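Chemist: From the sequence below, what's the structure:
(2 chains)
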Amino acid sequence: GQQLNQSPQSMFIQEGEDVSMNCTSSSIFNTWLWYKQEPGEGPVLLIALYKAGELTSNGRLTAQFGITRKDSFLNISASIPSDVGIYFCAAPEGTSYDKVIFGPGTSLSVIP
Amino acid sequence: DSGVTQTPKHLITATGQRVTLRCSPRSGDLSVYWYQQSLDQGLQFLIQYYNGEERAKGNILERFSAQQFPDLHSELNLSSLELGDSALYFCASSVVAGGNNEQFFGPGTRLTVL
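Modeler: The predicted structure is shown next:
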C-alpha cells in the first residue's frame, strides 16, 4: 500500500536553531498534512497543503507541498522548548480525509 | 483540549480477553475515526463511522469491531487480545465525512496486554 517516509527520525537541537524535516513517498498525493503530537496527547493538525508548490506558514512553522506531489517539507524557525514533540506528515488516500495515512514521525528535542 | 474524550485512559488486561474503548466526539461532529499507534507500525487508520454508519475501513483486524451509537459516541471492541495489540488507540472526530475536514484527536487510550 501507500507509504510515507520521514527524515530525520529524530533531532536534538539547541533552542533558537532552525529545524528542517521532510516527508517522501513513491506515490502522488493531492493533500499533505503536518501534525504535532506531544507526550500524552493526540496529534494536532499544524498545517494543511492542497496544491503542488504551495508554501504555507503558521507562525514559526512553514510547510511546502513538493512540486512532484511526492514530498513535503516542514521548517520551524527559532525553535523554543515547547516545540518538543513528534511531527508527523500525513496524506489522505484519494480525495477526501476519510482514510489518512501517517508517516513514522520525526521526534524533535530542544535543548534550552 | 480537542473536545474529543476517550475512556479509559489506561487499560491493562490479559491475552485472550476482550475490551471496549469508548469515544465521545466533539459536540456537533458526526464522523468518528479510530487509529492504532504502536511503536513498530506507527499511526494506523482502523475504521471510520459517519452518523452511525461505517464509512471507511483501514487495517482493522477481524478481532476488532466498532460501532457508532445514535448519540454519536463510538466504541471500539477488541477481542481475543494478543500481546501485539498493546498500543495507543486514538479516536478522532470531524464535522462531516469526506472533503477536507480536519480531524480532531482525543488523548488516546493506552492498552497493555500482558
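Chemist: Do the helix or strand encompassing residue A:13 and chain B come into contact?
Modeler: Element membership of residue A:13 [criterion: DSSP states H and E] is strand A:10-14. No: Strand A:10-14 does not reach chain B (Cβ under 8 Å from any Cβ of the partner chain); its nearest approach is 13.5 Å. C-beta: built from backbone N, CA, C; applies to glycine.
Chemist: Neighbouring strands of that strand in the sheet, and parallel or not?
Modeler: strand A:106-111 (parallel) (DSSP bridges).
Chemist: what's the partner strand in contact with?
Modeler: The set of residues external to strand A:106-111 that reach it, using Cβ atoms under 8 Å, 6 or more residues apart in numbering or on different chains, is A:6-15, A:19, A:21, A:76, A:79-81, A:83-88.
Chemist: Which stretches in chain A count as strands?
Modeler: Taking DSSP state E to define them, one finds strands in chain A at A:5-7, A:10-14, A:19-24, A:32-37, A:44-49, A:55-58, A:61-65, A:71-76, A:85-92, A:100-102, A:106-111.
Chemist: for these, which one sits closest to residue B:48?
Modeler: Put simply, out of those the one that sits nearest residue B:48 is strand A:100-102, at 9.7 Å, with distance taken as Cβ to Cβ.
Chemist: got the buried residues for the closest one?
Modeler: When burial is assessed from 16 or more other Cβ atoms under 10 Å in any protein chain shown, strand A:100-102 yields the following buried residues: A:100, A:101, A:102.
Chemist: need the residues you listed in JSON lines with distance to chain B and pLDDT, can you?
Modeler: Formatted as JSON lines, these follow (distance: Cβ to the nearest Cβ, whole Å; pLDDT from 0 to 100):
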{"residue": "A:100", "distance to chain B": "6", "pLDDT": "89"}
{"residue": "A:101", "distance to chain B": "7", "pLDDT": "91"}
{"residue": "A:102", "distance to chain B": "4", "pLDDT": "94"}
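Chemist: need those in CSV with distance to residue B:55, can you?
Modeler: Putting the buried residues of strand A:100-102 into CSV (distance: Cβ to Cβ, whole Å) gives the following:
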residue, distance to residue B:55
A:100, 13
A:101, 16
A:102, 19
